[in-house]
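>>> From the sequence below, what's the structure:
(one chain, ligands or ions: 1)
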Amino acid sequence: MSTVLDRICDEKRKQVTEQKSRRPIQELLKRAQDQATPRGFAKALTAKVEAGGIGLIAEIKKASPSAGVIRKDFKPAQLARAYQRGGATCLSVLTDQKFFQGSDADLGEARSNCDLPVIRKDFMVDPYQVIEARALGADCILLIVGALPDADLASLEDIALGYGMDVLIEVHDEAELERALKLKSPLIGINNRDLRVMKTDLATTERLAPLVPADRQIVCESGIDSPVDIKRMVAAGAHRFLIGEALMKRPDVEMATRVLLAGAKT
Ligand SMILES: O=C(O)c1ccccc1NCC(=O)[C@H](O)[C@H](O)COP(=O)(O)O
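Okay, the predicted model is just below:
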């Protein structure tokens, strides 16, 4: 039976084929080359954690397959500024249109309105999208182990690293973690959301975190809703967090970010 992740990736493959005929790769390569150096996504997270803080990747997410529309008043520039003022270390911007109601323009708008490093949160299945991410200014990309064979993961990772971008490698179980550890990137995202059945369980991080070697950095992803959740995940060994819905559903995103981070400290 096909899962939501399968459907999203199939759709991506179709979109990329269309995009390649509309915008030739040469044009993208030139734009990617012309971008300023990436802002240092992993480095910013590590600096925050080494200073004793929580490395928060705050997500700009209008809608999702699991929640439907999360935020009607959706202005990426304002949200980016609010997240930065609230104490986020990095931003995640969902650029998928069909399933998340995001866009490439959201990424540009968010990034140009703050100083934070930004991950292009999308479903990468083709080198074209990685080059496109850099052409849009992204500082990091996401690779989902469950979506791609090892050889594709390695080649997409190499392209991103070649541009000086960081790569967040996302896993959901032990077998995917084993495959992730064959790659070069230190950032290992443990997704608490099972993308096959759309259920979220923080016990996923508790189970997998002890299996992540000390030279890799865990990013705890999805389903974090409160300071209590953060403290529970810190106890499991995670100090970097990717949080979307819990912040996006609050009218005052800056205050919600502050409250979450302050509560996690006490
Ligand atoms: O969020 C979804 O419903 C979803 C469905 C299918 C594929 C990916 C999905 N989410 C992407 C993410 O990784 C999350 O947006 C991110 O981890 C933040 O999660 P949350 O804090 O629970 O919004």
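
>>> So the closest residue to the ligand within the stretch 101-250 of the chain versus Asp150, what's the distance?
Using C-beta to the nearest ligand atom, Gly244 is the residue of the stretch 101-250 of the chain that sits closest to the ligand, at 2.9 Å. C-beta: built from backbone N, CA, C; applies to glycine. Distance from Gly244 to Asp150, counting by C-beta to C-beta, to the nearest Å: 28 Å.

>>> higher neighbour count, those two?
Gly244 (25 against 12; other C-beta atoms under 10 Å).

>>> Hmm, Ala88 and that one touching each other?
No - contact criterion C-beta atoms under 8 Å: Gly244 and Ala88 do not qualify, at 11.7 Å.

>>> Now for those two: what residues contact both?
Here Gly244 and Ala88 share the contacting residues Ala58, scored by C-beta atoms under 8 Å, 6 or more residues apart in numbering.

>>> Could you tell me which residues of the protein lie near the ligand?
4-5, 59, 61, 64-66, 191, 195, 221-224, 242-246 (C-beta under 6 Å from any ligand atom).

>>> Could you rerun that using 8 Å?
4-5, 8, 59, 61, 64-67, 70, 92, 94, 99-100, 121, 123, 142, 170, 189, 191-193, 195, 198, 200, 221-225, 242-248 (C-beta under 8 Å from any ligand atom).

>>> Now that we have the residues you listed, which of them are buried?
Among those, those classed as buried by 16 or more other C-beta atoms under 10 Å are 5, 8, 59, 61, 64, 70, 92, 94, 99-100, 121, 123, 142, 170, 189, 191-193, 195, 200, 221-224, 242-248.

>>> picking that back up, tell me the contacts of the residue of the stretch 101-250 of the chain closest to the ligand?
Contacts of Gly244 (C-beta under 8 Å, 6+ apart): Ala58, Glu59, Ile60, Lys61, Ser64, Ile70, Ser92, Leu94, Ser222.

>>> got the phi/psi numbers for Ile188?
Backbone dihedrals for Ile188, given as degrees, to the nearest 10, come out at phi -110, psi 110.

>>> next one: the one 4 residues further on
Reported as degrees, to the nearest 10, the phi and psi values for Asn192 are phi -70, psi -10.

>>> Isn't it up against Asp225?
No - using C-beta under 8 Å, Asn192 makes no contact with Asp225, being 10.9 Å away.

>>> just the strands in the stretch 51-200 of the chain please.
55-60, 63-64, 68-69, 90-94, 118-121, 140-144, 166-171, 187-191, 193-194, 199-200 (DSSP state E, counting those that start in this stretch).

>>> chain center to the fourth one: distance?
Relative to the centre of its chain, strand 90-94 is centred 6 Å away, using C-alpha atoms, centre = their mean, to the nearest Å.

>>> tell me the angle of that strand relative to strand 55-60?
Interaxial angle of strand 90-94 relative to strand 55-60 (axes from the mean of the first three to the mean of the last three C-alpha atoms, to 10 degrees): 30 degrees.

>>> Can you verify my assumption that Arg258 contacts Gly87?
Yes - Arg258 lies in contact with Gly87 (C-beta under 8 Å); the separation is 6.1 Å.

>>> wait, what's in contact with Gln225?
For the record, residue 225 is Asp, not Gln. Glu245, Ala246.

>>> pLDDT score for it?
Predicted confidence (pLDDT) for Asp225: 97.

>>> Do you have the helices of this protein handy? List them.
4-22, 25-34, 41-50, 76-86, 104-112, 127-135, 150-162, 174-180, 203-208, 227-235, 245-248, 253-265 (DSSP state H).

>>> Make TSV from the ones you listed and add distance to Asp215 to it.
Below are those laid out as TSV (distance: least, C-beta to C-beta, whole Å):
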stretch	distance to Asp215
helix 4-22	28
helix 25-34	29
helix 41-50	12
helix 76-86	29
helix 104-112	29
helix 127-135	24
helix 150-162	16
helix 174-180	13
helix 203-208	16
helix 227-235	19
helix 245-248	30
helix 253-265	25
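
>>> if I look at Ile25, how far off is Leu161?
19 Å.

>>> partner residues bridging the closest residue to Ala133 other than its chain neighbours?
The spatial neighbour of Ala133 that comes closest, neighbours along the chain excluded (C-beta to C-beta, 6 or more residues apart in numbering), is Arg120 at 4.2 Å. Beta-bridge partners for Arg120, by DSSP bridges, are Val93, Ile141.
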